[in-house]
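1. please work out how this folds:
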Amino acid sequence: MHDASFNDADPAPLALMAGDAEDLTVLSALVQDSVLPVTEISYDMRRHQLALLLNRFRWEDADMARREERPYERVRSVLLISDVQRVLSDGIDRGDNDLILELLAMKWEPGQDGTGRLLLEFAGDGTLAVTAECLNVELRDVTRPYIAPSRRAPQHPEA
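-> Predicted coordinates for the structure are as follows:
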């Protein structure tokens, strides 16, 4: 019999918030390469919330998976943006129910008195521009991790 090690523990689901640009940088890195059908974007005007149900690549586990020579993982996560005033899309056909999006980055453009615009940038030059009263973004894993269908880490060509 041996003592339990850190690696024996179940992976803890992420539950993080971003209230400033520095926090958003962390969340943006964690959601990079997330994929979702366009049908998994929901804007609740009454509650002033935009929600995206992502299939998130687990970047926080990628180095460990590589060292242990095991498959990479994804997890279903909710990205919830609150205090939303307006949502505009550019280059995204919200009527194409078969459209799969790949989230590349989130960026905050501050306005006056804490307001601003959150840009969600997708592969293929699609963007959601979210005008908000303040930066208020949550990322929460909602399922257990599963083996990434590709079994590989996403690749980005060097610029």
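2. excluding its backbone neighbours, what's nearest the spatially most central residue of the chain?
-> In the chain, the C-alpha nearest the mean C-alpha coordinate belongs to Val31, at 3.2 Å (C-alpha atoms, centre = their mean). Spatial nearest neighbour of Val31, excluding adjacent residues (C-beta to C-beta, 6 or more residues apart in numbering): Leu103 at 5.5 Å. To be clear about C-beta, it is placed using only N, CA and C from the backbone, and glycine gets the same treatment.
3. and the one you found, how far is that from Pro37?
-> 12 Å (C-beta to C-beta, to the nearest Å).
4. repeat for Asp90
-> Applying C-beta to C-beta to Asp90 and Pro37 gives a distance of 19 Å.
5. compare neighbour counts for the two and give me the winner.
-> Neighbour count, other C-beta atoms under 10 Å: between Asp90 and Pro37, Pro37 has more, with 14 against 11.
6. I figured the more buried one hits Glu102, correct?
-> No. Assessed by C-beta atoms under 8 Å, Pro37 is found out of contact with Glu102, at 11.3 Å.
7. if Phe122 is in a bridge, with which residues?
-> Leu103, Gly126 (DSSP bridges).
8. next up, the contacts around it.
-> Phe122 is in contact with Gly91, Ile92, Leu101, Glu102, Leu103, Leu104, Leu128, counting by C-beta atoms under 8 Å, 6 or more residues apart in numbering.
9. how about Leu119?
-> Ala105, Met106, Lys107, Trp108, Glu109, Thr127, Leu128, Ala129, Val130.
10. report the secondary structure state of it.
-> Of the three states, Leu119 takes strand according to DSSP: H, G, I helix; E, B strand; the rest coil.
11. measure it to Asp113 for me?
-> Leu119 is 19 Å from Asp113, by C-beta to C-beta.
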